[in-house]
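# Fold the stuff below for me.
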Amino acid sequence: MKIVVIGGTGLIGSKVVTKLGQLGHEAVAASPNTGVNTLTGEGLADAVANASVVVDVSNSPSFEDAAVLEFFQKSTGNILAAEAAAGVGHHVALSVVGTERLPDSGYFRAKIAQEQLIAQSAIPFSLVHATQFFEFAHGIADSATDGDKVRLAPVLFQPIAGEEVADAVARVATGVPLNGRTEVAGPEQLRMDDFFQKALRSWGDTRQVVTDPHARYFGAELSERSLVPDDGAALGHLTYSDWLAGGGKR
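From the prediction side, this is the model:
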């Protein structure tokens, strides 16, 4: 079947396109690089024509509060309208574990708005909530850096390899719509400050990790279980150390 992947040339999207192709599906990457702009609608109708499933793994180019909200609302609205016109039978979107627990973050408020639009649409849907990707570890550390110190809360943290997120997205995309969500996370549940202490050492990074219970994560203060899944989540197999040993990259 034809499956369109919005954001299909990015980190996760390119992996999803490859996996769907290996399963024998017609996987179409849709992004500004391929002439599809979900904010303006350019190329969107042609891209989703005759598609059975549309997968949205796109992300906002800006995390500023107003910009990220505008991106997810406008982009998602345009995608859903194009799907309705084309008769698409399944909308799949990638989101984040704990989104509903972090309303103080502009980014997570925008993701909540995206999910609400999807759930209110008449199109059958599935939401894949993933924990933080190994590939984003450097970016998380940088966002928490103050001088030569990295301030992080001692809360639970369960990151996952992007490859295993793509596996989960492809699996959901080829299945029956959930009309709800599923969660996917890495195999190890650690403390965020401990994880980054070890990670920085493995990178040869001299910054010092400072444990700060009030350290904010993309604008939100974290509680113990803000970033980890509930019971029953699908778990990956790759640990961060194994991922690095296998040539893991940012």
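# Which pLDDT value does the model give Ser62?
Ser62 carries a pLDDT score of 89 in this model.
# Enumerate every residue touching it.
Residues in contact with Ser62, defined by C-beta atoms under 8 Å, 6 or more residues apart in numbering, are Val68, Phe71. For glycine as for every other residue, the C-beta is placed from the backbone atoms N, C-alpha and C.
# ok, now how distant is Lys2 from Ala93?
The spacing between Lys2 and Ala93, counted by C-beta to C-beta, to the nearest Å, is 18 Å.
# And those two? Which one has more around it.
Remark: of Lys2 and Ala93, Ala93 carries more neighbours, 26 against 17, as counted by other C-beta atoms under 10 Å.
# Distance of the closest residue to that one other than its chain neighbours relative to His25?
Of all residues beyond its chain neighbours, the one nearest Ala93 is Asp56 (4.6 Å), with distances taken as C-beta to C-beta, 6 or more residues apart in numbering. When distances are taken as C-beta to C-beta, Asp56 and His25 turn out to be 16 Å apart.
# Kindly list the longest helix within the chain.
helix 65-86 (DSSP state H).
# How far does it sit from its chain's centre?
With C-alpha atoms, centre = their mean, to the nearest Å as the basis, helix 65-86 stands 16 Å off its chain's centre.
# in that helix, what's buried?
By neighbour count with 16 or more other C-beta atoms under 10 Å, helix 65-86 contains the buried residues 68-72, 75-76, 78-80, 82-83, 86.
# Measure how buried Val184 is and give me the count.
Burial of Val184, expressed as a neighbour count using other C-beta under 10 Å, amounts to 24.
# who touches it in this structure?
Val184 touches 128-131, 160, 164-165, 168, 229, 233-236, counting by C-beta under 8 Å, 6+ apart.
# In helices, which of these fall?
Secondary structure assignment by DSSP H places Glu164, Val165, Ala168 of these in helices.
# which of these tops the neighbour count?
Neighbour counts for the ones in helices among the contacts of Val184, by other C-beta under 10 Å, peak at Val165, which reaches 26 neighbours.
# does that residue really touch Leu94, like I thought?
Yes - with contact taken as C-beta atoms under 8 Å, Val165 and Leu94 are classed as touching, separated by 7.4 Å.
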